[in-house]
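Turn this into a structure:
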Amino acid sequence: MDNTKKFCPHCGTEIKPEARFCPKCGYALDATPTPDEQPADQPQTREQAAASEGADTATNHSFDDVKRFSGNFFSWWVATVRHPSQVIPNANRSFGVIALALEDLLTVLMLVSLGKRLMGLYSSDVSQAVANMINVNGILFKFGLIVFCLILLGAAVYVSLSYGFRRLIDDQAPVNFWEFTNQFAGITNLILIFNLITFLLSLITSGANFSSYSLMILFMIPTSVILNVGYIFIIIHDVHHPRLDKFYTLLLAEAALAIAFLIFTYIAGSIVGGSIVNFIQSNYSSFMNSF
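Okay, the predicted model is just below:
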């Protein structure tokens, strides 16, 4: 007969060895073993250790995946810069979108950097209250965000139109839109280099150094040239049996691009102009009081 006394682990009341519930607090004794009966190596502890180890492993795997993805993207980008006209097989479907987004981001950062320098150049011509108001409202951040979205929309217009005309002229054209986007970005990836140069120039350019602005504009010209050449090239590249003459296809493609950007310019002007008007109207009284 076992004369070992047992106690409730919840309230400490002495209980009978065969009791299943504490007579005082009603604690279920079968759910949790008493301290004398609890094993030294608890299964729950092993499970917690396994869960912790699994969390650490998942974190390491996520970090490794990011490193691998970044390395693959950089390798793909270098390969496209070396051979823009060649299709890189087995590339991730998101590489093209990421490359276009990076190009747009550098452009926006360059514009925001120039905006800060110009604001600093002419800050002496306005009161400190007005300058503080502009900084608080984050006008440059809002402007950059709007421009980033507009540039992304413009890149989408280029890719979509070129994809449509490629399908029009070539019945063997790739069906997958994302693979086509990778090819378009691969042809125009040189833009990333020129955008990086203009961004670095914007960081070292002083507000009154207008010759540096001319140099920046000079580096921005190849961006437009590469984009338009890539738009034409990807439509007719490797088309051996066109359903429509290549000349007329390109003529239609350029006309469609011109019409699309007339509409795009009107929409962009309405958005940016409307934002500026709203900003001036909402802060008109502050401007008047500051002078």
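
contacts, neighbours, all on C-alpha from now
OK.

ok, the closest residue to residue 189 other than its chain neighbours - contacts?
Excluding the flanking residues, the one nearest residue 189 by Cα to Cα, 6 or more residues apart in numbering is residue 81, at 6.2 Å. By Cα atoms under 8 Å, 6 or more residues apart in numbering, the residues touching residue 81 are 186, 187, 189, 190.

As a markdown table, those residues with pLDDT and neighbour count would be great.
A markdown table is the format used below for these (pLDDT from 0 to 100; neighbours: other Cα atoms under 10 Å):
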| residue | pLDDT | neighbour count |
| --- | --- | --- |
| 186 | 93 | 28 |
| 187 | 94 | 24 |
| 189 | 93 | 26 |
| 190 | 92 | 21 |
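
okay, those in CSV with secondary structure and distance to residue 240 next?
Listed next are these as CSV, based on DSSP: H, G, I helix; E, B strand; the rest coil; distance: Cα to Cα, whole Å:
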residue, secondary structure, distance to residue 240
186, helix, 21
187, helix, 20
189, coil, 25
190, helix, 27
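
that older thread, residue 193 versus the residue nearest to residue 189, what's the distance?
10 Å (Cα to Cα, to the nearest Å).

Show the residue spans covered by the helices in this structure.
With helices called from DSSP state H, the chain shows them at 43-82, 95-121, 128-137, 139-169, 177-187, 190-204, 210-236, 246-282, 284-290.

Of all those, which one is nearest residue 21?
Of all those, helix 43-82 sits nearest to residue 21, with 22.7 Å by Cα to Cα.

out of the helices of the chain, deepest packed?
Ranked by average neighbour count under the criterion mean count of other Cα atoms under 10 Å, the helices of the chain are headed by helix 177-187 at a mean of 23.

any idea how far residue 217 lies from residue 107?
Using Cα to Cα, we find residue 217 at a distance of 12 Å from residue 107.

again but with residue 222, I slipped
Taken as Cα to Cα, the span from residue 222 to residue 107 is 13 Å.

got it, and residue 166?
The gap separating residue 166 from residue 107 is 28 Å, by Cα to Cα.

for residue 263, same thing?
Going from residue 263 to residue 107 by Cα to Cα gives 22 Å.

quick one: contacts for the residue nearest the centre of the chain?
The chain has residue 101 as the residue nearest its centroid, 6.4 Å off, counting by Cα atoms, centre = their mean. Neighbour list for residue 101: residue 152 [criterion: Cα under 8 Å, 6+ apart].

oh, and call the first residue 621 from now on, that's how I've got it
Sure, I'll start numbering at 621, so the last one becomes residue 721.

per-residue pLDDT, it?
Residue 721 is assigned 94 on the pLDDT scale.

Over to residue 725?
Looking at residue 725, its pLDDT reads 93.

Surely it and residue 766 touch.
No - Residue 725 is beyond contact range of residue 766, at 11.6 Å (criterion: Cα atoms under 8 Å).

Show me the shaky parts of this protein.
Scanning the chain for pLDDT under 70 picks out 621-624, 650-681, 739-758, 793-795, 826-833, 892-911.

what do you get if the cut-off is 90, keeping everything else the same?
Counting by pLDDT under 90, the chain has low-confidence residues at 621-692, 705-713, 729-767, 770-771, 790-799, 818-842, 844, 857-864, 881, 884-911.

gap between residue 783 and residue 845?
Relative to residue 845, and taking Cα to Cα, residue 783 is found at 19 Å.

oh, I was asking about residue 724
For residue 724, the distance to residue 845 equals 16 Å [Cα to Cα].

One more: residue 702?
Going from residue 702 to residue 845 by Cα to Cα gives 18 Å.

Please apply the same query to residue 819.
Distance, residue 819 to residue 845, by Cα to Cα: 18 Å.

now swap in residue 770 and tell me
Counting by Cα to Cα - residue 770 and residue 845 are separated by 19 Å.
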